[in-house]
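Novice: quick one, what's the 3D model for this:
(one chain, ligands or ions: 1)
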Amino acid sequence: MASVPSLASSVNQRVADALASALPEAGGADPLLRRSDRADFQANGILALAKKAKANPRELATTVVEGIAAGDLIEDIEVSGPGFLNITVSDRAIMETLAARAGDDRLGVPYAANAGTTVIDYAQPNVAKEMHVGHLRSAVIGAAMVEILEFTGEKVVRRHHIGDWGTQFGMLIQYLLEHPHELDHKSEAEVSGEEAMSNLNRLYKASRALFDSDEEFKTRARARVVDLQAGDEQTLAMWQRFVDESKIYFYSVFDKLDMDIQDQDVVGESGYNDMLVETCKLLEDSGVAVRSNGALCVFFDEYKGPDGNPTPLIVQKSDGGFGYAATDLSAIRDRVGNLKADTLIYVVDARQSLHFKMVFETARRAGWLNDEVKAVQLAFGTVLGKDGKPFKTREGETVRLVDLLDEAVERAASVVREKAQDLTEAEIAERAAQVGIGAVKYADLSTSAARDYKFDLDQMVSLTGDTSVYLQYAYARIQSILRKAGQARPTAHPELALTPSERALGLHLDQFGELIAEAAQEHAPHKVAAYLYQLASLYTTFYAECPVLKADTPEQVENRLFLCELTARTLTKGMSLLGIRTPERL
Ligand code: ARG
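Specialist: Numbers count the residues shown, from 1 in each chain. So this is what the prediction gives:
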């Protein structure tokens with residue numbers, strides 16, 4: 001099946017084309033078509049056009065109406081208000097367009113005309129530390145962005161910028177050197193993610209205690225940082241054991257999240273170590289950074305601390321140590337220079353926004369970012385508890401991500417069990433994971449990333465309302481209808497008249513391509529979630545009003561089965577972009 005090369009296949013685009021040919025002097029100006037309550041579409045573009053041409057908008061609108069070629073597409077078009085156009089399309093146009101899209105593997109979703117290379121920095125936990133809800137957000141939003149962009153034909157390079165470098169490793173490594181058997185096990189297969197994390201926690205606590213109580217150990221630990229940065233072999237080998245142990249844990253969490261993270265895409269802070277000295281030299285030589293009290297700093301007029309003094313970006317500390325900024329600047333050089341990215345996306349907590357503003361501005365001054373490369377932080381808000389405060393345990397500690405995920409799956413199991421009629425225990429467990437993890441992801445993706453949201457498991461696994469469970473049930477219900485259809489095959493019959501709920505569903509299905517383009521361009525996965533929720537709602541209305549298998553004529557049965565099937569295909573495709581499974585039965 002060939003892919004549809006352009007948006008020409010959507011009703012929306014066909015109407016836009018018809019308007020354009022009715023008014024060639026508009027020179028292809030955007031008619032600003034919107035779905036409307038009064039008709040199928042409203043076109044607002046005439047107003048701007050009239051203003052530009054110093055013409056009367058109503059007269060211009062009338063010219064368009066008179067110039068519209070007679071044909072199968074437009075059923076009714078009229079001028080309204082100051083110069084809007086209300087447009088109703090024919091039932092035939094809707095069904096024919098959908099039939100063409102249904103014949104395509106990609107559901108008629110075109111590739112972006114201007115596809116490029118995006119490096120996306122997401123799912124970046126820290127070595128030897130527990131993962132929390134912030135890491136959940138980055139992973140879930142980032143993975144959705146990867147899928148959405150790839151679906152539009154963008155080349156996407158994933159980068160998991162894990163926190164695997166820094167002074168805390170001096171302490172950890174020194175401790176492990178002095179207690180070499182504390183991380184002994186032969187292979188990954190011998191430890192679970194949970195055990196790996198508890199090993200790391202134990203080591204962390206023990207080394208911290210020693211560091212705080214024993215001055216001599218403290219001195220040895222500090223010297224160890226220097227060895228690490230100098231690339232001492234034995235030190236690096238110990239460091240590698242921490243990284244490996246942590247990866248066992250990370251992968252177990254990503255696995256639970258039903259997320260595929262590839263080892264070659266894990267390029268943490270340490271991956272840029274070889275570039276740090278050069279990055280600093282380039283910045284200093286070009287004058288972008290200057291020495292201030294021994295530290296290498298970049299200053300900005302617009303960023304000041306509470307005392308009115310400028311807050312610089314510190315690239316190298318006065319003791320010679322490199323920090324987070326040096327790594328991020330080196331990563332930009334790598335991503336633009338070597339990976340040839342034209343877009344850099346950082347899916348990172350909004351609380352790091354100042355850091356990224358300064359890093360991007362520094363990179364621009366240094367010429368590592370220019371007009372051909374776009375760097376954006378896809379900044380996300382905070383996960384809140386039911387009390388509206390940042391999510392903490394009752395003891396005030398950070399909530400462990402694994403505990404949350406386990407609880408979500410447990411809740412989902414009881415929802416699935418309640419509904420399940422003919423499911424085995426194994427099937428219930430499988431569905432529970434798909435429903436529970438889907439619920440957590442969907443709750444995260446259904447509000448725009450920048451906003452905070454409340455983590456409320458009861459609401460997340462609810463069968464009604466804007467939840468993934470609602471969408472999964474809509475999908476499973478359609479599959480059940482399709483199974484019961486017997487001889488009747490889903491087939492579009494453009495000659496049939498449509499009911500209002502069939503039209504509404506059909507027109508919404510038709511907008512999938514435009515929606516994907518918009519979500520990709522605006523880095524807005526929540527728009528996909530909103531689209532899918534509306535799709536499921538329109539389907540629910542359609543299903544309540546239109547008997548499918550018991551429709552009046554065999555053609556109508558087929559036509560409605562066609563709408564059912566296309567809805568299911570759109571749901572499952574959209575959900576997969578969000579990283580959420582759609583079980584065939586629930
Ligand atoms: N590891 C960091 C954290 O847990 C996030 C890293 C973000 N990416 C970056 N290139 N700085 O907060």
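Novice: the closest residue to R159 other than its chain neighbours - how many residues pack around it?
Specialist: Nearest residue to R159 in three dimensions, chain neighbours excluded: D121, at 4.9 Å (C-beta to C-beta, 6 or more residues apart in numbering). To be clear about C-beta, it is placed using only N, CA and C from the backbone, and glycine gets the same treatment. Using other C-beta atoms under 10 Å, D121 has 23 other residues around it.
Novice: tell me who's in contact with D121.
Specialist: 142, 159-161, 331, 344-348 (C-beta atoms under 8 Å, 6 or more residues apart in numbering).
Novice: quick check, pLDDT for it.
Specialist: According to the prediction, D121 has pLDDT 98.
Novice: so the residue in the stretch 251-400 of the chain that the ligand sits nearest to versus Y539, what's the distance?
Specialist: Nearest to the ligand, among the residues of the stretch 251-400 of the chain, is V348, at 4.5 Å (C-beta to the nearest ligand atom). Distance, V348 to Y539, by C-beta to C-beta, to the nearest Å: 36 Å.
Novice: neighbour count for the two, which is higher?
Specialist: Between V348 and Y539, counting by other C-beta under 10 Å, Y539 is the more crowded of the two (26 against 23).
Novice: and the strand or helix carrying that one, what does it pack against?
Specialist: Using DSSP states H and E, Y539 sits within helix 525-545. Counting contacts by 3 or more C-beta pairs under 8 Å, 6 or more residues apart in numbering; DSSP states H and E, helix 525-545 packs against helix 133-151, helix 425-445, helix 468-484, helix 500-510, helix 512-521, helix 554-577.
Novice: possible to save those as TSV with mean pLDDT?
Specialist: Below are the helices and strands packed on helix 525-545 laid out as TSV (pLDDT from 0 to 100):
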stretch	mean pLDDT
helix 133-151	97
helix 425-445	96
helix 468-484	96
helix 500-510	97
helix 512-521	96
helix 554-577	98
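Novice: winner for burial among these?
Specialist: Of all the helices and strands packed on helix 525-545, helix 133-151 carries the top mean neighbour count, a mean of 24, counting by mean count of other C-beta atoms under 10 Å.
Novice: report the angle between it and helix 525-545.
Specialist: Going by axes from the mean of the first three to the mean of the last three C-alpha atoms, to 10 degrees, helix 133-151 is angled at 80 degrees with respect to helix 525-545.
Novice: any idea which helix or strand comes after helix 133-151?
Specialist: Remark: after helix 133-151, the chain's next helix or strand is strand 155-159, criterion DSSP H and E.
Novice: show me what that next one is packed up against.
Specialist: The helices and strands touching strand 155-159, judged by 3+ C-beta pairs under 8 Å, 6+ apart, are strand 117-121, helix 133-151.
Novice: re earlier: so of the contacts of D121, which ones are in strands?
Specialist: If you go by DSSP state E, the contacts of D121 have 159, 344-348 in strands.
Novice: domains for this structure, by residue range?
Specialist: For the chain, the structural domains run 7-89, 117-288+326-384, 401-577, going by automatic domain parsing.
Novice: redo these as CSV? Include distance to G305.
Specialist: Shown next, in CSV, are the domains of the chain (distance: least, C-beta to C-beta, whole Å):
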stretch, distance to G305
domain 7-89, 45
domain 117-288+326-384, 11
domain 401-577, 25
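Novice: to L107, which of those lies closest?
Specialist: Among those, the nearest to L107 by C-beta to C-beta is domain 401-577 (6.0 Å).
Novice: is that closest one anywhere near the ligand?
Specialist: No - residues of domain 401-577 are not located near the ligand by C-beta under 6 Å from any ligand atom, the shortest gap being 11.9 Å.
Novice: now the stretch 401-550 of the chain against the ligand: closest residue?
Specialist: For the stretch 401-550 of the chain, C-beta to the nearest ligand atom, closest residue to the ligand: L401, 11.9 Å.
Novice: hmm, R137 and that residue touching each other?
Specialist: No - assessed by C-beta atoms under 8 Å, L401 is found out of contact with R137, at 10.3 Å.
Novice: nearest to A413, out of the helices and strands packed on strand 155-159?
Specialist: A413 lies closest, by C-beta to C-beta, to one member of these: helix 133-151, at 20.1 Å.
Novice: between that closest one and helix 425-445, how big is the angle?
Specialist: 90 degrees.
Novice: next one: the residue of the chain most remote from its centre from R222, what distance?
Specialist: Largest separation from the mean C-alpha position in the chain: E216, at 47.6 Å (C-alpha atoms, centre = their mean). Taking C-beta to C-beta as the measure, E216 falls 11 Å from R222.
Novice: equivalent analysis for L471, please.
Specialist: Taking C-beta to C-beta, one finds L471 at 54 Å from R222.
Novice: please apply the same query to K256.
Specialist: Relative to R222, K256 is positioned 37 Å away (C-beta to C-beta).
Novice: neighbour count winner among the two?
Specialist: K256 (18 against 15).
Novice: elements contacting the lowest-mean-pLDDT helix or strand in the chain?
Specialist: When the helices and strands of the chain are scored by mean pLDDT, DSSP states H and E, helix 45-53 comes last with a mean of 86. Secondary-structure packing of helix 45-53 (3+ C-beta pairs under 8 Å, 6+ apart): helix 57-67, strand 84-89.
Novice: what does it rub up against?
Specialist: Contact with helix 45-53 is made by 19, 23, 25-26, 29-33, 55-57, 60-61, 64, 82-85, as judged by C-beta under 8 Å, 6+ apart.
Novice: among those residues, name the buried ones.
Specialist: 19, 23, 26, 31-33, 55, 57, 60-61, 64, 83-85 (16 or more other C-beta atoms under 10 Å).
Novice: what does the stretch 101-250 of the chain have sitting close to the ligand?
Specialist: Within the stretch 101-250 of the chain, the positions near the ligand by C-beta under 6 Å from any ligand atom are 121, 124, 126, 161, 163.
Novice: need the three-state assignment for whatever residue of the stretch 1-150 of the chain ends up closest to the ligand.
Specialist: Of all residues in the stretch 1-150 of the chain, Q124 sits closest to the ligand, at 3.8 Å by C-beta to the nearest ligand atom. Put simply, Q124 is coil when judged by DSSP: H, G, I helix; E, B strand; the rest coil.
Novice: and for D76?
Specialist: Here D76 is strand, with the state taken from three-state DSSP.
Novice: give the contact list for I87.
Specialist: Per C-beta under 8 Å, 6+ apart, neighbours of I87: 15, 33, 39-43, 74, 76-77.
Novice: N273 now?
Specialist: Going by C-beta under 8 Å, 6+ apart, N273 touches 165, 229, 231.
Novice: which of these lies closest to Y251?
Specialist: Nearest to Y251 among the contacts of N273 is W165, at 19.7 Å by C-beta to C-beta.
Novice: surely the closest one is in a helix?
Specialist: No - W165 sits outside any helix when classified using three-state DSSP, being coil.
Novice: distance of it from the ligand?
Specialist: 10 Å (C-beta to the nearest ligand atom, to the nearest Å).
Novice: likewise E584?
Specialist: Per C-beta to the nearest ligand atom, E584 is found 37 Å from the ligand.
Novice: so that residue is in which element?
Specialist: Here E584 sits in a region with no helix or strand, counting by DSSP H and E.
Novice: I figured it hits L482, correct?
Specialist: No - judged on C-beta under 8 Å, E584 makes no contact with L482 at a distance of 9.8 Å.
Novice: from the buried ones among the contacts of helix 45-53, pick the one nearest L566.
Specialist: L566 lies nearest to L33 out of the buried ones among the contacts of helix 45-53, by C-beta to C-beta, at 21.7 Å.
Novice: wait, what's in contact with S246?
Specialist: Counting by C-beta under 8 Å, 6+ apart, S246 has contacts 125, 127-129, 162, 164, 196, 200.
Novice: burial check on the nearest residue to T88 once chain neighbours are set aside, number of neighbours?
Specialist: What sits nearest to T88 in space, not counting adjacent residues and going by C-beta to C-beta, 6+ apart, is D76, at 4.1 Å. By other C-beta under 10 Å, 11 other residues sit near D76.
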